[in-house]
Structure formats: C-alpha cells, structure tokens
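Peer 1: Let's see this in three dimensions:
(one chain, ligands or ions: 1)
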Amino acid sequence: MRVTVIGGNGQLGEDVAAAFRKEGDEVTALTHHDLEIASADSVRQTLETIRPEVVVNTAAFHNVEKCEADPARSFEVNATGARNLAQATRTLGARLFHISTDYVFNGLKRLPYTEDDAPMPLSVYGNSKLAGEYFVRTENPRHFVVRVSGLYGSHPCRAKGNLNFVELMLKLSRERDEIRVVDDERVTPTPTSEVAKQLVVLSRTVDYGLYHATAEGECSWYEFARAIFELSGSKVRLEAARPGEFPAKVARPKYSVLENAALKHKSRNIFAHWKQGLERYLLRDRQPSITHA
Ligand SMILES: NC(=O)c1ccc[n+]([C@@H]2O[C@H](COP(=O)([O-])OP(=O)(O)OC[C@H]3O[C@@H](n4cnc5c(N)ncnc54)[C@H](OP(=O)(O)O)[C@@H]3O)[C@@H](O)[C@H]2O)c1
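Peer 2: Presented below is the predicted three-dimensional model:
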C-alpha cells in the first residue's frame, strides 16, 4: 500500500511511519515543512503528486494553552485542516486515518467513555478537534477517526517541549529530592508504538468509523508517576499534590478514560494494560537521546 503520514516527524507520526514500513508498505512521511494542512492548495497539490492509497493525519495544533489563546489558528489547523485532508483524500479515492483526542469529553461521566457517548469539550483545543472529527466523518466516507489519549513514545512530542511525561518524571527524579504530582486527573497513558500497530491492523480492513484507541486500565498522573519510579528503581520521594495545588490555566477533563468499545466489538483491539506498555517502553523502546532533550 502507498501510505502517507502527515506529521511524519512527530511523536506519533514517526512510530506510525515505522509500523507501516515494517509491514512492507511504501511510506511517505511528510513534515510541516512539506505541507500545511490548513491550506487546501497545499494539501491538494502535495497529495496529488504522491497519490497515496492511505493517509494518516497525526498533525495538529495541540498545545492546549496556545489553542486557548489562538482559537482562529486552532480551528484553521484542527478543523479546516482535517476538512482539507478529507476532501482531498475523497477526490483521490484514498482512505483517511484522522487522529483525535480524549479532550472531546468533559470528564463528568466518571466511567470510561465509549464511542457512543456524546462529546462535550471544555476547551478551544477540544472543540476544534471535535469539529475536525465531524468534517472527516462527513467529507470522506472511507475514514477512521481514532481518539487517543496520554501519548508517550520514543520520539519527542514536538508541540509539548519535547519531554514526554515519563521522561519529565525521570529527569525531575535526577534533579530533586521530592516530586509532587496531580492525583485528581484520571487518564490512560498510551504508548505511541501501540497506537501505530492498531492503525496498521485497521488499515487491513474496511471497518470505517469512529474508534477509541488507548491502553487498557486507568490511573491518575500520580499513580502513573509512582509506576514509573517503581519500574525504573528511582528512590525519589513522590507525593500526591493537594487538589488545586497546580491550578490549570485551561479547563481539562478530570476523567478522560476511553473504552475501546468499537475495537473490542470487532475483535480488533491490540492494546495491553498501561503498566505493561510502560514496562516495555522503559525496558525496550526508550531512546537515550530523548533523555537529554
Ligand atoms: N500528545 C498527546 O498526549 C496527545 C493526546 C491526545 C491526542 N493527541 C493527538 O495525537 C496527534 C499526534 O500528537 P503527537 O504527540 O505526535 O504530536 P507532535 O509530536 O507535536 O506531532 C505533530 C506533528 O504535526 C506537525 N504539524 C503541526 N501543525 C501542522 C500543520 N498545520 N500542517 C502540517 N503539519 C503540522 C508537527 O510539525 P511541527 O512541529 O514542525 O509544526 C509535527 O510533526 C495529534 O492529533 C494530537 O491532537 C495527542
């Protein structure tokens, strides 16, 4: 298959490109330098030259604070950009994978969200990503809209200052005696390598639609930090932050655990428990370069 990965040098995009290559697919990984998804012309011209059969869009404007400060750019990239890709792929007869987020939910449910739950974003970022989902779903019937959550991987997240949560904790543990981490936000930290494998599995099907795609289980960021230090043998003192100790500048869901209901229904869920994913990352996937970023 000819596969084009957009955001090809991003945290997820790098792993997605590698996963498709491993299966023998012909992969073109495009960076922001190669195309601007907010520009319909840029998207059309670039994709017409490559003529991919599958496009995977991992690109987004996803620094939550920057999105809140610049709603226009947020919608340009996350909503209009998604629409541009959906229209161009439809014209080319290509299938589109579009990556979305757990932040389309407000977190009040307090139980894992399925694809059937009504979204209700709290932020500009969440609203712009939700608008992007709807554009993809209406503009290209051959779509996979895939919501992910709490990503970390062996390539730096470009939008978030390079260090993923695991690397940030390990860095702080070398620099400090005590670390305090929020305990009132529940998520499912998910390795990008597993998301990438899941996309490859879906790409071999015609099961188009909306998917939740995260690791199994759930934890607070404090519990995640505790597992990181246990598994890495760090002796740093870890404390749960008091509620309100680190006030968020932008409202975030307190509970954004996703249930991979659609994947499970189709017997296609490949995700391991988040603790197993973390173990694999710490023992196998981590690149030394990222620790010094
Ligand atoms: N990271 C998380 O924890 C998380 C959680 C939930 C959902 N997500 C979603 O997962 C996806 C991938 O995230 P990630 O962690 O891999 O992000 P990342 O490392 O920041 O990668 C994003 C990539 O997209 C490119 N890009 C940004 N704006 C673009 C534009 N207008 N046109 C073309 N390319 C553009 C970036 O290039 P430049 O850096 O050069 O601009 C970068 O290569 C995003 O859709 C995000 O919304 C992430």
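Peer 1: Could you list the low-pLDDT ranges of the chain?
Peer 2: 287-293 (pLDDT under 70).
Peer 1: If the spatially most central residue of it is in a bridge, with which residues?
Peer 2: The residue lying closest to the centre of the chain (C-alpha atoms, centre = their mean) is residue 148, at 4.5 Å. With DSSP bridges as the criterion, residue 148 is bridged to residue 101.
Peer 1: For the residue in the stretch 1-150 of the chain positioned nearest to the ligand, what are phi and psi?
Peer 2: Here the residue of the stretch 1-150 of the chain nearest the ligand is residue 10; by C-beta to the nearest ligand atom that distance is 2.2 Å. Every residue, glycine included, has its C-beta placed from N, CA and C. The phi/psi pair for residue 10 (degrees, to the nearest 10) reads phi -90, psi 180.
Peer 1: ok, now residue 144?
Peer 2: phi -120, psi 110.
Peer 1: That one is in contact with residue 201, isn't it?
Peer 2: No - Residue 144 lies out of contact with residue 201 (C-beta atoms under 8 Å); the separation is 10.6 Å.
Peer 1: how close does the residue of the stretch 1-150 of the chain closest to the ligand sit to residue 231?
Peer 2: For residue 10, the distance to residue 231 equals 26 Å [C-beta to C-beta, to the nearest Å].
Peer 1: of the two, who's got more company?
Peer 2: Here residue 10 and residue 231 are set side by side on neighbour count (other C-beta atoms under 10 Å), and the busier one is residue 10, at 28 against 15.
Peer 1: Wait, the more buried one touches residue 57, no?
Peer 2: No - here residue 10 lies out of contact with residue 57, judged by C-beta under 8 Å, at a distance of 10.7 Å.
Peer 1: related to what we said a few turns ago, now do the contacts for the residue of the stretch 1-150 of the chain closest to the ligand.
Peer 2: Residues near residue 10 by C-beta atoms under 8 Å, 6 or more residues apart in numbering: 58-59, 155, 157-159.
Peer 1: can you list the residues of the chain near the ligand?
Peer 2: For the chain, the residues in contact with the ligand (C-beta under 6 Å from any ligand atom) are 7, 9-13, 31-32, 35-38, 58-62, 77, 81, 99, 101-102, 148-151, 157-159.
Peer 1: Keep only those of the residues you listed that are in helices.
Peer 2: 11-13, 81 (DSSP state H).
Peer 1: Where neighbours are concerned, which of those has the most?
Peer 2: Within these, neighbour counts (other C-beta under 10 Å) peak at residue 81, which reaches 28 neighbours.
Peer 1: Now that one: closest residue in space, sequence neighbours ignored.
Peer 2: residue 37 (3.5 Å; C-beta to C-beta, 6 or more residues apart in numbering).
Peer 1: number of nearby residues for the one you found?
Peer 2: Using other C-beta under 10 Å, residue 37 has 27 neighbouring residues.
Peer 1: How is the nearest residue to residue 286 once chain neighbours are set aside assigned, secondary-structure-wise?
Peer 2: Excluding its sequence neighbours, the residue lying closest to residue 286 (C-beta to C-beta, 6+ apart) is residue 154, at 5.9 Å. Using DSSP: H, G, I helix; E, B strand; the rest coil, the structure places residue 154 in coil.
Peer 1: quick one: residue 154 from the ligand, how far?
Peer 2: 12 Å (C-beta to the nearest ligand atom, to the nearest Å).
Peer 1: cool, residue 275 as well?
Peer 2: Residue 275 is 18 Å from the ligand, where distance means C-beta to the nearest ligand atom.
Peer 1: ok, and what's touching the strand or helix carrying that residue?
Peer 2: Using DSSP states H and E, residue 275 maps to helix 274-280. Helix 274-280 has contacts (C-beta under 8 Å, 6+ apart) with 166, 188-191, 193-194, 215-219, 224, 227-228, 231, 271-272.
Peer 1: Derive a ChimeraX selection command for the buried subset of the residues you listed.
Peer 2: In ChimeraX syntax, the buried subset of the contacts of helix 274-280 is picked out as below (16 or more other C-beta atoms under 10 Å):
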select :166,188,189,190,191,193,194,215,216,217,218,219,224,227,228,271,272
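Peer 1: so what secondary structure elements neighbour the helix or strand where residue 125 lies?
Peer 2: Using DSSP H and E, residue 125 sits in helix 124-139. Helix 124-139 is packed against helix 64-69, helix 71-75, helix 81-92, strand 95-101, strand 143-148, with contacts defined by 3 or more C-beta pairs under 8 Å, 6 or more residues apart in numbering; DSSP states H and E.
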